[in-house]
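Chemist: Based on what follows, work out the 3D shape:
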Amino acid sequence: MHNMLHLLGIARKAGRLEAGEEPVAAAARSRQAKLIAVASDAAENSVRRASHFAQGGNVPWVRVPFGKAELGAAVGRSSCAMLALTDVGLAGAFADKLAALDPVRYAALKETLSAQAQKRLQRQREQRSHEKNLQRGKRKPWAPPAAPKPARSAQREHPPEAAKRKRRPQPPSKRPGPRGIVTIKKKAP
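Modeler: Numbers count the residues shown, from 1 in each chain. Below you'll find the model as predicted:
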């Protein structure tokens, strides 16, 4: 078994692979798919649908140099015409292995997925660092206080007659009385 097919088996066991037309379509619509792979001997209708799914989900798609039987054997089926990898790291590794086979055809795919994988790894590192800082009780580094606000300009000052008038103090608000009919019961002697 080729090591790319072995990688697909690992992705399936990890739950990061969708095989078949409907699961691939659902993964692409929900933007969980990171790469759609189509078998080399898949029907033109399947290829057209895979490209449509990829376009709708803004996902790269590629025809792999393996047939439906080989892809199916890798993912535990009798045959598989289309599959989607939902993990960007696994998709990047798969694209690297494809680029090793045919660098001219798969180089752009490799670069795109490698960049996405690097971004995701950086975000994971930042998240872990943030969680560690929270556990240790670290705060953001100290920053000097902001500069005081400038005084009001002369144009915005109140006119002198407005200064003479003083606001009357507001009376304390009264509690609202009961609404509706009030009945008072007398105590029995």
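
Chemist: need the longest helix for this structure.
Modeler: The single longest helix within the chain, with elements called by DSSP state H, is helix 103-136.

Chemist: tell me what that one is packed against?
Modeler: helix 88-101 (3 or more C-beta pairs under 8 Å, 6 or more residues apart in numbering; DSSP states H and E). Just so you know, the C-beta spots here come from the backbone N, C-alpha and C atoms, and that holds for glycine as well.

Chemist: For the longest helix of the chain, list every residue counted as buried.
Modeler: Neighbour counts over helix 103-136 (16 or more other C-beta atoms under 10 Å) mark 106, 109, 110, 113, 114, 116, 117 as buried.

Chemist: Leaving out chain neighbours, which residue sits closest to the last one?
Modeler: Pointing back at residue 117 there. Counting by C-beta to C-beta, 6 or more residues apart in numbering, residue 117 lies nearest to residue 92, which is 3.9 Å off, once chain neighbours are set aside.

Chemist: Run a quick neighbour tally on that neighbour.
Modeler: Neighbour count of residue 92, defined by other C-beta atoms under 10 Å: 25.

Chemist: now it: how far from residue 133?
Modeler: Distance of residue 92 to residue 133, given as C-beta to C-beta, to the nearest Å: 28 Å.

Chemist: on that earlier part again, by how many degrees do the longest helix of the chain and helix 88-101 diverge?
Modeler: 150 degrees (axes from the mean of the first three to the mean of the last three C-alpha atoms, to 10 degrees).

Chemist: can you pull out the helices in this protein?
Modeler: Using DSSP H, helices in the chain cover 3-14, 21-29, 44-57, 68-75, 88-101, 103-136, 160-164.

Chemist: hey, least reliable of these by pLDDT?
Modeler: Confidence, taken as mean pLDDT, is least for helix 160-164 of those (a mean of 57).

Chemist: Next, the distance between the ends of stretch 33-40.
Modeler: Length of stretch 33-40, first residue to last, C-alpha to C-alpha, to the nearest Å: 20 Å.

Chemist: Buried residues in it, which are they?
Modeler: 33, 34, 35, 36, 37, 38, 39.

Chemist: Quick check: the fifth one touching residue 90?
Modeler: No: counting by C-beta atoms under 8 Å, residue 90 is not a contact partner of residue 37; they are 11.3 Å apart.

Chemist: count of neighbours near residue 98?
Modeler: 22.

Chemist: surely it meets residue 4?
Modeler: Yes: with contact defined as C-beta under 8 Å, residue 98 counts as touching residue 4 (6.9 Å).

Chemist: what touches both of those two?
Modeler: residue 64 (C-beta atoms under 8 Å, 6 or more residues apart in numbering).
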